[in-house]
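Colleague: only the shape, not the letters, is given here:
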């Protein structure tokens, strides 16, 4: 018997569509560029996408990776002492902003079609990032002043840590609130894209209100090994976090959810600008069913995610990316409370063509295949996205993106068919 | 939210939030070298071999570095250019191959020589060779068939030593002395220069030779 979910399905559908059409800001941290007097391309293929140097920069506690040869070991403290002196200019970026235009036409089975367009102040952020001089302690904070057009000041990144070892064999520990970006692995596993939106499997919340792209509070540790000339980089990270509230927002303070979530990531850069990442997540959260109705109930599902992601850069021109994510969450059927599962098998494939420095064209295909026990069976969503990103300054700190997205699919709760066609354009200023 | 608060947000905070990035852009434009560097240069006055070296430099180095920042840093010790380029090769995301090193070194030396002499700090003759002077020197070099015996870079020649590093091995005085000796016939180790070769041509030839700074 097909169960009609009514308001729940409509709410989730709306959230699903909203997440899809809002562009992901194309942010970089310009203070890092000022510290070393280099252009953004030192760490980015085109902002915000990180290259191999940018990945190592983060792993070394936000210090530029030095030359690695067979002969000498570069201790991190020596690397730090050889860097430019700390000053506010090198550590603060006050206006990292993103303005965009979105035009969308959506249809939903049984409903009249809807179109909307708007010029959006997508974001305006300030970053304070740096290190304590002559020490291996570092800090990273992001203060979001405007988010999706709303003036809602919040700190989405506020963490500090310590990185030890040498440039070729380093480890770190950190604590605070961190944007995970799928544990921030190799390029196939990164949320940030040359297209205005990220791959669906990172941004889709699903019926249990869990999303990979989040900024939880917790502690973390990691280890990185790099061979001479960075021909191979192997890294592993683990994070223990508070997890999420029932509505999917991050738990920032005391909570009756005592269990902690665990994230694990392993990365291997096996060729120039090419790598693979594996992630494993285990957590729990409260989940409300039939919210607002007389038969509302709350249960405590276990959430699991495993994913494999990778990219291969051909001749420094074409980047082929892809990823697969398996989801399996406890699910209790809203109508009866009977136990079941939510399962997802989601994937994406993308090709980015770097026409020249600062200009890239991209094509992505997303595929979601999900079902819930007691639902209408396995449902799928397909999405094509095509776009172009161009740097508008020689240094790459101002970028413009233009993308077109065509999506069609059915949600796993009610199998309501919906389509969405949208044009998105944004310009990111990174100062 | 009260009406006055909505008005404040609508007409105060949001426009300020939208305008601030543009204002900061106007204030900071040109403040940092890496923000102003063009990704391409006008090479019409550069010798052909320097242009091909520049293409390698542009692909491998100017993606991240502005040329002035590099030559300010490297001019103090141009002989160490190769050391620094090899160091960059050992850093991530530079993608510098072994065959890229000498073209980059040559180009950096060429730019350093121009900028150094333009600053007037190291050229004992007191002239500041422009790209045009260097180009004229190259033209004279070819016109006198020096390249028949002496190779530079990938040029094929036989009979004389390669000149890739002559600017590093010999000082300006030494080069001027050799060229003038070839003009007067005092040096018979190689074909002479025409006796009526003007000093301007000799200087231009030496200006060009001084840009050749490869390690070997």
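Modeller: Arrived safely, thanks for sending. Since the model is a prediction, treat every value here as computed from it, not as a measurement.

Colleague: pLDDT below threshold where in chain A?
Modeller: Scanning chain A with the threshold set as pLDDT under 70 gives A:1-27, A:181-184.

Colleague: please enumerate the helices of it.
Modeller: Per DSSP state H, chain A carries helices over the ranges A:7-21, A:30-36, A:52-59, A:76-81, A:88-91, A:200-203.

Colleague: how about chain B?
Modeller: When assigned using DSSP H, the helices of chain B occupy the ranges B:3-8, B:14-28, B:33-36, B:48-60, B:67-74, B:81-89, B:98-119, B:131-143, B:166-169, B:172-184, B:199-209.

Colleague: output the contacting helices and strands for the last one.
Modeller: Contacts defined by 3 or more CB pairs under 8 Å, 6 or more residues apart in numbering or on different chains; DSSP states H and E place helix B:199-209 against helix B:131-143, helix B:172-184. Glycine gets a C-beta too; all of them are placed from N, C-alpha and C.

Colleague: re the thing from before, tell me, which of the helices of chain B is the model least confident about?
Modeller: Least confidently modelled of these is helix B:33-36, at a mean of 36 by mean pLDDT.

Colleague: partners of residue A:346 in the sheet?
Modeller: Residue A:346 has these beta-bridge partners by DSSP bridges: residue A:325.

Colleague: same deal with residue A:102?
Modeller: Counting by DSSP bridges, the residues bridging with residue A:102 are residue A:118, residue A:424.

Colleague: I'd say it and residue A:121 touch.
Modeller: No - the pair residue A:102 / residue A:121 is not scored as a contact, 12.0 Å apart, by CB atoms under 8 Å.

Colleague: report how many residues lie close to residue A:73.
Modeller: Neighbour count for residue A:73, taken as other CB atoms under 10 Å in any protein chain shown: 11.

Colleague: since we're on the residue lying closest to residue A:276 once chain neighbours are set aside, how many residues are nearby?
Modeller: Once flanking residues are discounted, residue A:276 sits nearest to residue A:310: 4.0 Å by CB to CB, 6 or more residues apart in numbering or on different chains. Neighbour count of residue A:310, defined by other CB under 10 Å: 21.

Colleague: the one 4 residues further on now?
Modeller: Residue A:314 sits with 13 neighbouring residues when counted by other CB under 10 Å.

Colleague: again with residue A:209
Modeller: Neighbours of residue A:209 (other CB under 10 Å): 20.

Colleague: what about it, distance to chain B?
Modeller: 27 Å (CB to the nearest CB, to the nearest Å).

Colleague: which residues touch that residue?
Modeller: Residues in contact with residue A:209 (CB atoms under 8 Å, 6 or more residues apart in numbering or on different chains) are A:244, A:246-248, A:285, A:287.

Colleague: show me which of those are buried.
Modeller: Burial by neighbour count, judged by 16 or more other CB atoms under 10 Å in any protein chain shown, picks out A:244, A:246, A:248, A:285, A:287 from the contacts of residue A:209.

Colleague: so residue A:156 touches residue A:180, yeah?
Modeller: No - contact between residue A:156 and residue A:180 fails when scored by CB under 8 Å: they sit 11.2 Å apart.

Colleague: which neighbours do the two share?
Modeller: Common contacts of residue A:156 and residue A:180, defined by CB under 8 Å, 6+ apart, comprise residue A:215.

Colleague: closest point of the stretch 301-431 of chain A to chain B, which residue?
Modeller: Proximity to chain B, evaluated over the stretch 301-431 of chain A using CB to the nearest CB, is greatest for residue A:429 at 4.0 Å.

Colleague: is that residue bridged to anything, and to what?
Modeller: Assessed by DSSP bridges, residue A:429 has beta-bridge partners residue A:97, residue A:398.

Colleague: so how far is residue B:87 from the residue nearest to residue A:305 when sequence neighbours are not counted?
Modeller: Of all residues not flanking residue A:305 in the chain, residue A:281 sits nearest, at 4.1 Å (CB to CB, 6+ apart). According to CB to CB, to the nearest Å, residue A:281 and residue B:87 sit 40 Å apart.

Colleague: before we move on, the earlier item: just the helices and strands packed on helix B:199-209: most buried one?
Modeller: Mean neighbours per residue, mean count of other CB atoms under 10 Å in any protein chain shown, is largest over the helices and strands packed on helix B:199-209 for helix B:131-143, with a mean of 19.

Colleague: list the helices and strands that one packs on?
Modeller: By 3+ CB pairs under 8 Å, 6+ apart, helix B:131-143 packs against helix B:48-60, helix B:98-119, helix B:199-209.

Colleague: could the ones you listed be laid out in a markdown table, adding distance to residue A:320?
Modeller: Output for these, formatted as a markdown table (distance: least, CB to CB, whole Å):
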| stretch | distance to residue A:320 |
| --- | --- |
| helix B:48-60 | 21 |
| helix B:98-119 | 25 |
| helix B:199-209 | 46 |
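
Colleague: may I see those helices organised as JSON lines, with mean neighbour count added?
Modeller: Compiled in JSON lines, the helices and strands packed on helix B:131-143 are given as follows (neighbours: other CB atoms under 10 Å in any protein chain shown):
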{"stretch": "helix B:48-60", "mean neighbour count": "19"}
{"stretch": "helix B:98-119", "mean neighbour count": "21"}
{"stretch": "helix B:199-209", "mean neighbour count": "22"}
